[in-house]
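**Q** 3D, please:
(chains A and B)
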Amino acid sequence: MLEFARWKVWAVWAIIAAGIVLSIPSILSEEQLESYPDFLPQSRISLGLDLAGGSYLLLEADEGDLAKQRLTAQEENVQTELRGDPRVRIGDVSTADGRLSFMVRDPAQLDEAVERLRAMTQPVGLTGQRDWNVSVEDSTRIVLTPTAEGELRAIEDAVTVARDVVRRRIDPSGTREVTVRTQGSNRVLVQVPGVEDPEALKALIGRTARLEFKLVDLEANPAQLNAGRAPVGSEIAPYPDAPLGLPFVGYSTADGVPVIALKRRVIVSGDQLANAQQSFDQDGNPVVSLTFNSQGARRFGRVTQENVQKPFAMLLDGAVLSAPNINEPILGGQAQISGNFTVDSANDLAIALSSGKLPVKLDVVEERTVSADLGKDSIEKGAVAALVATLAVLLYMLATYGRFGVYANMALIINAFMILAAMAVFNATLTLPGIAGFVLTIGAAVDANVLINERIREELRRGRKVLDAIKHGYDEASTAIFDANITNTIAAAIMFYFGSGPIRGFAVVLLIGIVTSVWTAVTFTRMMVTLWVRKARPKTIAV
Amino acid sequence: MKLIKLVPDNTNIDFMRFRKIAIALTMALAIAGFVLTGVRGLNLGIDFVGGQSVQADFAQPVEIEELRGKVNGLNLGDASIQQFGSDTAYRIRLPKPEGDEAAANAVVSELRAMLEAEYPGVDVGSGESVSGNVSEELAMDGTLSLVFAMIGIAAYIWIRFEWQFGVGALVTLFHDIGLLLAFFSITQLQVDLNIVAAFLTVVGYTLNDTVVIYDRIRENLRKYRKMGIVELINLSLNETLSRTITTSVALLLAIGALLLFGPEVIFGLTIAIFLGLFIGTYSSIYVSAPLLVFLGVTSDSFVHDEDSEDRQRRDDGAVV
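**A** Sure thing, here's the model as predicted:
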């Protein structure tokens, strides 16, 4: 029992010292931390949203929307491919039931068409699966069906892009403490501290921001327009804020919304933007100024050159914002979007446009907001509870075990520092349930010492000498301590694996607390008892 | 200094005398808990059924009916309003809107705007909205995590002890969860994610006592080969009684402080753990230990592999 090597004593103290140094930044306030020496570690425990206040959003990719987009894109790809040399004429194209099917006019070309389309599909993953299945039906129709693997890959890719877009929108300067990450294959998790009403946030994130410039089709006659029918090669788009008296604007007979016919072909889109920012036009109205990249500028220049004195439309997410006339060719790649903007809405649109369009529609499926006041209140009450709990347990241990209680108490206090230190090192987040976990750990941490001390009492009653009883106490209690803590570890680990947000914070504190408390309660107290016994050589002890 | 001893030395309480009646009684209660949960149901929070919830602290006490009228006036569905914590704090819950998910998104903001307009000085502490899909997943995850934790712990005890001990632990866990469910079903306290965390904690911590007692039973089974199992379990329970009580009191002191001084938001979590401690202490003495008798544990249970067990014990000493 008396052996406890000198280097071990130093090692124990060194670990404790490191624990205290690492835990201090988390205890200090922001201002105090600034005067904390720079050469010491500065990392601190971050507070969860339920303590710091802020908004948590879980966004889910609209898989139906993405499937539709893929189908449309695939239709275009197929048309382009088969128009190439040698041309394969097709007809009766259908995108019903989530698959693309069409007839090949010349049956002799069927095999060749299948061959060319198969070559167009992409491999997905390592299994040799491809993103589309190409098959033949009724020996005249070719059917392209998206594979599950292909859809999954598409969702994952879209969500990855969406995550970056969302991040750029919330945090254009890259300086805020926001969390944006993907969760699972189809979700994006967003945490923004300090936000109390998430509506503005959701509006900013949720906007797809698909910007398109298209030529207005002037050949549509008003009757057709009003009935919602577009000429071949054109489409009908709503133009809610259309000024009165424009000759090419019709009014939908169904709901009276102003509508306009547009050529299907996109002149330029948001993908070709180099920059977008809020500014003012010559009359002082807020507008969004756009700068296209070189490719976009070239195309815009060419089309405007060919269509001088004709109107074009600027569309955002399928609705027309404005339809100005092309007074002269626009060659510099600069454009302005006007509309009924305020400075704020123009600014939001500029951010949305310059962050890129969302590749898929995102829906909010979970939302939690906590005010900073409630968070502060929780921290204060939690701190009081932790303090009262600690004092109560300290007094109880002292009254129950005397000197051995003092050692247990020292272990308990060190344990509190070690938990904070470990959380700071692992960059763990403290949540409200985490505070509960901390308090619970304070109560549970003494269990190991209770087991040891009770065992020492027992061994003394059985007539063992002091030294012998202490040694047996520590040795015999160790199995029970080990097994009892494993059960807690299993429960906490499962909680961590399945839990989300605050619950995970609870599990983290429990897990860390189990490890640190076993160390302080067993190794540390053993050292203290050894050092004391070695020095005092007691004949009797009170446990 | 005179030291406190909550449990006198060398107690000799005949716990096992009442084992049949005790186990029958509380097992029936636990089963009733499951049945009650099935019949009467739990007051599931929006975490598990979806919907919207807003917590508001008003400047002065409000008429609940008046508030309900104003909330229902928004036509967002049937509101449920509950007071919690102080007499000015309320939780307003709205059902999941039908149809479009997107429609649900603005509900919390609408409610917040109405409260701020109608009740100047109100502090809207938190607003939550959970969709149907997410709530189903959370409910599934919560259930699975409980099941896995129980099976995992029982399996561990089976490996470390004998199968009877694993089964004993599992039944004890069912017993404890059943009683907790009975409590939540009767009181209709809201069950949210925090409560699942509390249940998992209870699963981990109440088994603490059971493991310590099992450990002592194993030790005594090896030591006293000739002793009858009932007498031996009684001895083990008495030997560990002081530890059981001391640790439980320490835990109750800590959780009690949280219950009295801690934030109201986690009241459900703390009350569940607080109760769980009582249930767990009781069940480690009256459920998990007597079960060993019914499952036929005898002093021979550990004979066949004593050598390997001994080696294991030495290894553990090094680990801890």
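
**Q** remind me, longest strand of chain A?
**A** strand A:258-269 (DSSP state E).

**Q** which residues touch the single nearest residue of the stretch 51-200 of chain A relative to chain B?
**A** Of all residues in the stretch 51-200 of chain A, residue A:199 sits closest to chain B, at 4.6 Å by C-beta to the nearest C-beta. In this view, the C-beta of every residue, glycine as well, is placed from N, C-alpha and C. Taking C-beta atoms under 8 Å, 6 or more residues apart in numbering or on different chains, we find residue A:199 in contact with B:106, B:109.

**Q** where does pLDDT dip in chain A?
**A** A:1-2 (pLDDT under 70).

**Q** okay, domains of it per the record?
**A** A:6-53+A:372-536, A:63-151, A:210-354 (automatic domain parsing).

**Q** what's the neighbour count on the nearest residue to residue A:169 once chain neighbours are set aside?
**A** Counting by C-beta to C-beta, 6 or more residues apart in numbering or on different chains, the nearest residue to residue A:169 once its immediate chain neighbours are dropped is residue A:355, at 4.6 Å. The number of residues packed near residue A:355 is 22, by other C-beta atoms under 10 Å in any protein chain shown.

**Q** before we move on, back to that, of all the domains of chain A, which lies closest to chain B?
**A** So among the domains of chain A, domain A:6-53+A:372-536 is nearest, using C-beta to the nearest C-beta, at 3.0 Å.

**Q** just the terminal-to-terminal distance for that closest one.
**A** 18 Å (C-alpha to C-alpha, to the nearest Å).

**Q** next, the buried residues of stretch A:165-180.
**A** A:165, A:166, A:167, A:168, A:169, A:170, A:178, A:179, A:180 (16 or more other C-beta atoms under 10 Å in any protein chain shown).

**Q** contacting residues for the last one?
**A** Residues near residue A:180 by C-beta under 8 Å, 6+ apart: A:163, A:166, A:167, A:170, A:171, A:188, A:189, A:190, A:191.

**Q** pretty sure the second one contacts residue A:202?
**A** Spelled out, that is residue A:166. No. Look at residue A:166 against residue A:202 with C-beta atoms under 8 Å: they stay out of range, at 10.9 Å.

**Q** max-length helix in the chain?
**A** The chain I'm using is chain A. The longest helix of chain A (DSSP state H) is helix A:466-498.

**Q** oops, I was thinking of chain B
**A** helix B:229-261.

**Q** right, is that helix up against chain A?
**A** Yes. Residues of helix B:229-261 contacting chain A under C-beta under 8 Å from any C-beta of the partner chain: B:239-240, B:242-243, B:246-247, B:249-258, B:260-261.

**Q** buried among these? Need that as a selection in PyMOL.
**A** Those of the residues of helix B:229-261 next to chain A that count as buried under 16+ other C-beta under 10 Å are selected in PyMOL with:
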select buried, chain B and resi 239+240+242+243+246+247+249+250+251+252+253+254+255+256+257+258+261
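
**Q** so which helix or strand takes in the residue of the stretch 101-250 of chain B found nearest chain A?
**A** When scored by C-beta to the nearest C-beta, the stretch 101-250 of chain B has residue B:204 as its residue closest to chain A, at 3.0 Å. Here residue B:204, judged by DSSP states H and E, is contained in helix B:193-223.
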